[in-house]
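In: need a structure here:
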Amino acid sequence: MLSQPRLRHLLCEVAPMLSTRRGFALALFAVSLFLIASPATAQTPTEMGSGAAWIDCDHDGDLDLLYLTPFGDAILLEYDHESDDFNDVTLTGLPDATRNIDAAGMGIACADFDNDGWVDVFLSMEGPNHLLLNNGDGTFRASTRASGIRADGDGEALSASVAVLDYDGDGWVDIFLGNYAGRANQMFRNLGPNNAGVVQFEDVAPALGLDWAEGNGSDWALGVAVADYDNDGDIDLYVANDYNGLAEGGGGLNPGDNMLYRNNGDGTFTDVSVASGANDPGWAMGVDFGDYNADGHLDIFLSNFFEDALLKNNGDGTFTNVTEATGLIKGTPGEWHYNGWGTAFFDFDNDGDLDIHVANGYILNDQGQVVNEPNQLWENQGIPGSGEVQFKDISEKAGIDDVGDARGASYGDFNQDGLLDFMVVNNGYLSGEDIIPAPARLLYINAGDGTFQDRGQSYGLRTEFSDGEKPAGYRDYTDNHWIQIHLEGFETNLSAIGARVEVTAGDRVLIQDKGASSYCSQDSPFLHFGLGDVTSVDIKVTYPSGRVAELTGVAVDQMLTINESITPVRLLSFDARVSGVDQVDLEWRYAEDSGLFEISKRVLGETIELETMLSSGGVGRYTDQAAYSSTPVTYELFSIERDGSKIRLAEREVRFTTPTVLGANFPNPFRDQTQIPMSSAVAGSGNLEIFDISGRLVQSLRADLVAGQNLISWDGTNFAGEPVPAGVYFYRIAGKSDAARKLIRRP
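Out: Coordinates of the predicted model:
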């Protein structure tokens, strides 16, 4: 049977259909289909979710993938750049609270909430939400109740998109939560850690006027986004609303007024939705900020039911709807009946201007929608004689026009080839009155030739539906340049949420703010700028603290880490290259004539200081001839301040091509002792980690390896030397992203 909240939500979705005979029949069909497909023993998905996020959970520089399912479960896939593959670490990486949930999974937001240097996660759900804190090793623990996070409506709310922002500038990342179906929105202010060291939150939305009244007449939030739209140095908030209560007489649901809240810079907000012209009611789902015309002001794109909307920032605090003027209407104006959800401004071809992607998906509501709604990619064609940017629909030729009832979408260069890829989460298979089989998840790889290739099955994001062949490429933009920027906070929040990046590329200034956006999803934490044929750029970063970092003559086609802290050295690049079995060459470039640097490395959990050196000429070099070739090594570069303090500039991880491989333990099951094979191409050392079924580390075994086959013994004891309980355990090589192997200790 459907739960009361779930059935109530479903009836809300079909309410607009009840005014016509055909609408009633379709509503009855939808509810019947839901009941037939959802016996008492099955989990039943909502029509609204789910989202995804690119996240560097283990701090190795690779983008890992976290996504939710319509059944509520969270899935964590760790990406290994060396093998170009994902490893499912859900079992060892996520707590039990995020699995086997009889509720809908909705939104994801990621930030370092406790300022410990490791990214944490907030999951919004149908019912209780989840705050997951990083243990400092890429695994997470549940901290929802301990941190004071609550689900509105005693756990019955359907929470949607989540935004992360430091709205009051106190150095702690806060959480804005958009709630659906007439529930008040929430702003969880981050109070920092309590006496027990647990980060605390309190809901201050009512005090800030961000909650809206509950019940009929309230707005039903779906998409949220944060950015500094008025260029005054503090982060503002946009809420994209779907409905605004029941229409008079009960004949359907009103479109919701979208809300733009201007940050006053003193911890309060002002509602400027109507005065700015940004309210644009239109049954909104997704939203994103981006400077599509490179005029220095962030514009707004809304993915709506029926016509989407592009709101141009006029630079004076107001917006103008330029959807038709920019060619963003598909078909006859007023007859665009696609239902847009996940969306983003992103420069897919690295030509220096922002294109737009929209994930479309059907909702059964008898409002004249187009069935089998394809996803869309709008290419920015620049400004012709009309004086306004023009967009062209290239969805079909780009190979992204799949039909699958799409919802969330997340964007990032996960394979580090300088081209932005993206993932689309499909919700269900209902389109019109037909059931249409479709893959649950699509992973689009940017081919660099104008097309995207779905490789969701190849990368293990799904088991069903083979990766289909897409159209042939029609142009090559792999020679276009790019730069990705990893921001690190210092005085303000460590995630640098709210920082503004300006990249001067030739005669254009490209801007992005670091924050969350779109529908139930979050993009890569690394800001990506396409540069066209520009080979050198200037960069300006303005942090929420007011501190400014400026770099000139920066080389392109690189990932650049920029730290907020004040330092006389402006780093331009930092590279680490394997040059022998046990040798790594380091090189860094900086803008000044000279600088005092320290180089260290982290290996097997230990930090080793290598060298303190004075470098001149804008280039520094160091060779490490003892690099532990069988183990990943992370090199860190510091500048030494005049007062003797150290400032971390950047880090790079090195992975050798001579991996250590784990074999199956024997005997298995075992009682007193088991042997674990480890084969290595070269001699070296490492650690073998053993976890219990809850993901808790119970033992770490030192492994001094010879070239060839090795056997590591475990006597079934924990760190205290006590025998562990009988049951299932997992083992893996520390620092490796290989899938864990299972062993069993019997009584």
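
In: Spell out the residue ranges of the strands in the stretch 251-400 of the chain.
Out: 253-255, 259-263, 269-271, 284-290, 299-304, 309-313, 319-321, 340-346, 355-360, 376-380, 391-393 (DSSP state E, counting those that start in this stretch).

In: quick one: buried residues of the last one?
Out: Spelled out, it's strand 391-393. Neighbour-count burial for strand 391-393, counted by 16 or more other C-beta atoms under 10 Å, picks out 391, 393. For glycine as for every other residue, the C-beta is placed from the backbone atoms N, C-alpha and C.

In: now swap in the fifth one and tell me
Out: For strand 299-304, the neighbour count (16+ other C-beta under 10 Å) marks 299-304 as buried.

In: just for the stretch 451-600 of the chain, where's the confidence low?
Out: Where the stretch 451-600 of the chain drops to pLDDT under 70, the residues are 516, 565-568, 580-582, 593-594.

In: returning to that earlier point: how about the strands of the stretch 251-400 of the chain, which one is nearest residue 514?
Out: Evaluated over the strands of the stretch 251-400 of the chain, closeness to residue 514 peaks at strand 284-290, with 11.2 Å, by C-beta to C-beta.

In: End to end on stretch 179-195, go ahead and measure it.
Out: 31 Å (C-alpha to C-alpha, to the nearest Å).

In: hmm, back to that, pipe the strands of the stretch 251-400 of the chain into CSV and attach mean pLDDT and distance to residue 539 per row.
Out: Below are those laid out as CSV (pLDDT from 0 to 100; distance: least, C-beta to C-beta, whole Å):
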stretch, mean pLDDT, distance to residue 539
strand 253-255, 68, 41
strand 259-263, 95, 24
strand 269-271, 96, 30
strand 284-290, 94, 18
strand 299-304, 94, 22
strand 309-313, 96, 22
strand 319-321, 97, 28
strand 340-346, 95, 19
strand 355-360, 95, 22
strand 376-380, 96, 22
strand 391-393, 95, 28
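
In: Redo these as CSV? Include distance to residue 136.
Out: Shown next, in CSV, are the strands of the stretch 251-400 of the chain (distance: least, C-beta to C-beta, whole Å):
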stretch, distance to residue 136
strand 253-255, 45
strand 259-263, 32
strand 269-271, 34
strand 284-290, 32
strand 299-304, 37
strand 309-313, 40
strand 319-321, 43
strand 340-346, 31
strand 355-360, 34
strand 376-380, 39
strand 391-393, 44
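
In: Looking at those, spot the one closest to residue 115.
Out: Among the strands of the stretch 251-400 of the chain, strand 259-263 sits nearest to residue 115 (C-beta to C-beta), with 21.1 Å.

In: Name the SS class of residue 572, please.
Out: The three-state assignment at residue 572 reads strand, by DSSP: H, G, I helix; E, B strand; the rest coil.

In: if I look at it, how far off is residue 299?
Out: Per C-beta to C-beta, to the nearest Å, residue 572 is found 31 Å from residue 299.

In: what does residue 361 give?
Out: For residue 361 relative to residue 299 (C-beta to C-beta), the value is 24 Å.

In: same check, this time on residue 404
Out: For residue 404, the distance to residue 299 - C-beta to C-beta - is 28 Å.

In: was I right about residue 531 contacting residue 538?
Out: No: the pair residue 531 and residue 538 does not pass the contact test of C-beta atoms under 8 Å, sitting 11.7 Å apart.

In: And what about residue 729, helix, strand or coil?
Out: Once three-state DSSP is applied, residue 729 turns out strand.

In: Settle this for me: it is touching residue 696, isn't it.
Out: No: Residue 729 is not in contact with residue 696 according to C-beta under 8 Å; the separation is 10.2 Å.

In: Can you pick out the residue with more neighbours from those two?
Out: residue 729 (23 against 12; other C-beta atoms under 10 Å).

In: so that one bridges to which residues?
Out: Beta bridges link residue 729 to residue 692, residue 743, judged by DSSP bridges.

In: residue boundaries of the helices in the stretch 401-550 of the chain?
Out: Counting by DSSP state H, counting those that start in this stretch, no segments of the stretch 401-550 of the chain form helices.

In: the strands in it, which residues?
Out: 406-412, 421-426, 430-431, 434-435, 441-446, 452-454, 481-488, 500-505, 508-513, 527-532, 536-542, 548-555.

In: Mind putting those into TSV with mean neighbour count and distance to residue 350?
Out: Shown next, in TSV, are the strands of the stretch 401-550 of the chain (neighbours: other C-beta atoms under 10 Å; distance: least, C-beta to C-beta, whole Å):
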stretch	mean neighbour count	distance to residue 350
strand 406-412	28	14
strand 421-426	27	13
strand 430-431	21	34
strand 434-435	10	39
strand 441-446	24	9
strand 452-454	23	14
strand 481-488	21	5
strand 500-505	20	11
strand 508-513	20	12
strand 527-532	22	3
strand 536-542	18	13
strand 548-555	16	15
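
In: got a markdown table for those, with distance to residue 701 too?
Out: Below are the strands of the stretch 401-550 of the chain laid out as a markdown table (distance: least, C-beta to C-beta, whole Å):
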| stretch | distance to residue 701 |
| --- | --- |
| strand 406-412 | 35 |
| strand 421-426 | 36 |
| strand 430-431 | 51 |
| strand 434-435 | 51 |
| strand 441-446 | 36 |
| strand 452-454 | 41 |
| strand 481-488 | 34 |
| strand 500-505 | 44 |
| strand 508-513 | 45 |
| strand 527-532 | 40 |
| strand 536-542 | 43 |
| strand 548-555 | 43 |
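
In: With respect to residue 223, which of those lies nearest?
Out: Checked against C-beta to C-beta, the stretch from those lying closest is strand 406-412, at 10.3 Å.

In: doesn't residue 636 make contact with residue 603?
Out: No: between residue 603 and residue 636 there is no contact under C-beta under 8 Å: 11.5 Å.

In: tell me the contacts of residue 166?
Out: Counting by C-beta atoms under 8 Å, 6 or more residues apart in numbering, residue 166 makes contact with 172-174, 190, 235, 492-493, 497-498, 544.
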